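*Asks:* Below are the sequence and a predicted model for it; my questions follow.
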Amino acid sequence: MKIKALLFLLTSSSLSLFAFEPYHEIATGYYGDAGITFALRLEEESKRSPFFIQARGGYIYQTDSGNATDARAIFINDNSGGNVEKYGESYLAALDLGWKWKSLEKMSVELTLSGLWNYYLAHYSFIGDNEAFTVTTKPFGIGVGAALRMPLSNSRSSLMLKGGAEYFPKAQLNAHGTYYYTPSGEDDKPRDGYSYDDADEAVNQPRFRPYLLIGYLYAIGR
């Protein structure tokens, strides 16, 4: 009986210490180009702890994916011609660790440190020349951010003004599974002597990406 009582006490204490309240967030705005993010946040329910954790996903549309002619020569062939159409896409996954504190009246300021994974696709089409291909890369990165949180009248939801920047180191570039380029040059399958630096210059893969977003944060089930 004593063991059961002790286990019950420890379990109850753990639940009270780690009682987190879930929130959803949606944010959109400038993300290098146009972007939208969705997040699930956990905050300590009593509001005494300044820390929170957040899992986030996003989609970023890039209007210019780089030099299509150079990318074609580096990854595909030496053909030329056709009207160029190009754009890029990013599918982002992030884990944010955050810290918040009260500022003016009910508003609060938040800081975040993020671990990131980005699946980037650079699309190129040569209309009239029957050529289309996609260059992909999957870098891991880090990010920092800051936000101003402004509670709405019901205090269960808030508006957010967010800004920050992300950094991604050089990562392998692939196209069609035929030619790929690695930063180290190892296991490289270059075409006509092209290097990773040539490929990196031709493709606008994310390296440093600033953002400025407006978001809406609301408690789940309230």
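*Replies:* On my side now, so go ahead.
*Asks:* going forward, measure contacts and count neighbours with C-alpha atoms only.
*Replies:* Will do.
*Asks:* Name the helix or strand of this protein that has the lowest mean pLDDT.
*Replies:* helix 2-17 (a mean of 41; mean pLDDT, DSSP states H and E).
*Asks:* which residues are in contact with the next helix or strand after it?
*Replies:* Per DSSP states H and E, the first helix or strand lying C-terminal to helix 2-17 is strand 20-31. With contact meaning CA atoms under 8 Å, 6 or more residues apart in numbering, strand 20-31 is reached by 34-45, 60, 209-220.
*Asks:* who does the helix or strand that strand 20-31 is followed by touch, helix- and strand-wise?
*Replies:* Using DSSP H and E, the helix or strand that follows strand 20-31 in sequence is strand 33-44. The contact analysis (3 or more CA pairs under 8 Å, 6 or more residues apart in numbering; DSSP states H and E) places strand 33-44 against strand 20-31, strand 51-62.
*Asks:* Next, the angle from the last one to strand 33-44.
*Replies:* On the basis of axes from the mean of the first three to the mean of the last three CA atoms, to 10 degrees, strand 51-62 is oriented at 170 degrees to strand 33-44.
*Asks:* packing partners for strand 51-62?
*Replies:* Looks like strand 51-62 contacts strand 33-44, strand 83-102 (3+ CA pairs under 8 Å, 6+ apart).
*Asks:* Same list (those) but as CSV, adding distance to H123, mean pLDDT and mean neighbour count.
*Replies:* What follows is the helices and strands packed on strand 51-62, written out as CSV (distance: least, CA to CA, whole Å; pLDDT from 0 to 100; neighbours: other CA atoms under 10 Å):
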stretch, distance to H123, mean pLDDT, mean neighbour count
strand 33-44, 15, 92, 19
strand 83-102, 5, 93, 18
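*Asks:* In JSON lines, list these along with distance to A175.
*Replies:* Formatted as JSON lines, the helices and strands packed on strand 51-62 follow (distance: least, CA to CA, whole Å):
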{"stretch": "strand 33-44", "distance to A175": "23"}
{"stretch": "strand 83-102", "distance to A175": "14"}
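*Asks:* Identify whichever of those lies nearest to P50.
*Replies:* With CA to CA, the closest approach to P50 among these belongs to strand 83-102: 5.1 Å.
*Asks:* tell me how far the helix or strand just after that closest one is from the chain's mean position?
*Replies:* Where DSSP H and E defines the elements, the next helix or strand beyond strand 83-102 is strand 108-127. Centre-to-centre, strand 108-127 and its host chain are 4 Å apart (CA atoms, centre = their mean, to the nearest Å).
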